[in-house]
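Chemist: 3D, please:
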Amino acid sequence: TIDGVVTDRISGRLDVRRLLADVAALLDSGPKGAGLLTPKLQAQIATAVKSSKVQIWSGADDHVLRQLTGVVDFTFKDGTSPITGLDGGRIDLRLRLDDVNATSFEVTAPKRARPLSELGEDDGIGDLLSGLGATFRGKASGARDGGEAFLRCIKAAGSDAAEVARCSSKLAP
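Modeler: Okay, the predicted model is just below:
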């Protein structure tokens, strides 16, 4: 049992080559990770792994992951390490999830909440930040047009949180 939940445990060896290929594909799908884990580097790492073990505990009734552990021992042969000074080591990983799906807090909307699209209007965040020199509306000295682009982006994003997050790139110099 984990955190009072009856679990099933599965254990086995890690397929290092497959894991590295999956990690490489994940990195390649991102804007900054493409090409980081080359096939040559994957082969170097896979060859260095001497032993591996993984264990997974999931809820017996709900099959929800409760705990995951993994241990990998590795040793690079002379001159094959991709990192200078790293000859070998052990990676010991443990992930435990307690109170899965438990409601731990409530979110309540503020009483006088305004839509996100109104942030750029008078008395909105643009006026607040312009007073700090970050100008969104061109009122502070040394204004850039990034603030206006940010506000246009925020208005276009509406209530889509992912789009709002992307708008922050408009503030970059």
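
Chemist: which stretch of helix or strand covers S58?
Modeler: Applying DSSP states H and E as the criterion places S58 in strand 49-59.

Chemist: contacts for that strand?
Modeler: 2, 5-14, 16, 64-75, 100 (CB atoms under 8 Å, 6 or more residues apart in numbering). C-beta coordinates here come from the backbone N, C-alpha and C atoms, glycine included.

Chemist: now those residues: which count as buried?
Modeler: 2, 5, 7, 16, 66-67, 70, 72, 74 (16 or more other CB atoms under 10 Å).

Chemist: between those residues, which is nearest A156?
Modeler: For the buried ones among the contacts of strand 49-59, the minimum distance to A156 (CB to CB) is 41.8 Å, reached by R66.

Chemist: give the contact list for L65.
Modeler: 56-58, 97.

Chemist: separate out the buried members of the residues you listed.
Modeler: Buried, going by 16+ other CB under 10 Å: 56-58, out of the contacts of L65.

Chemist: dump these to CSV, plus distance to Q42 and pLDDT.
Modeler: Shown next, in CSV, are these (distance: CB to CB, whole Å; pLDDT from 0 to 100):
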residue, distance to Q42, pLDDT
I56, 23, 97
W57, 29, 97
S58, 29, 96
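
Chemist: any figure for the gap between L20 and L86?
Modeler: Separation of L20 from L86 (CB to CB, to the nearest Å) stands at 16 Å.

Chemist: on that earlier part again, with distance to A24 added, can I get the buried ones among the contacts of L65 in a markdown table?
Modeler: Formatted as a markdown table, the buried ones among the contacts of L65 follow (distance: CB to CB, whole Å):
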| residue | distance to A24 |
| --- | --- |
| I56 | 22 |
| W57 | 28 |
| S58 | 27 |
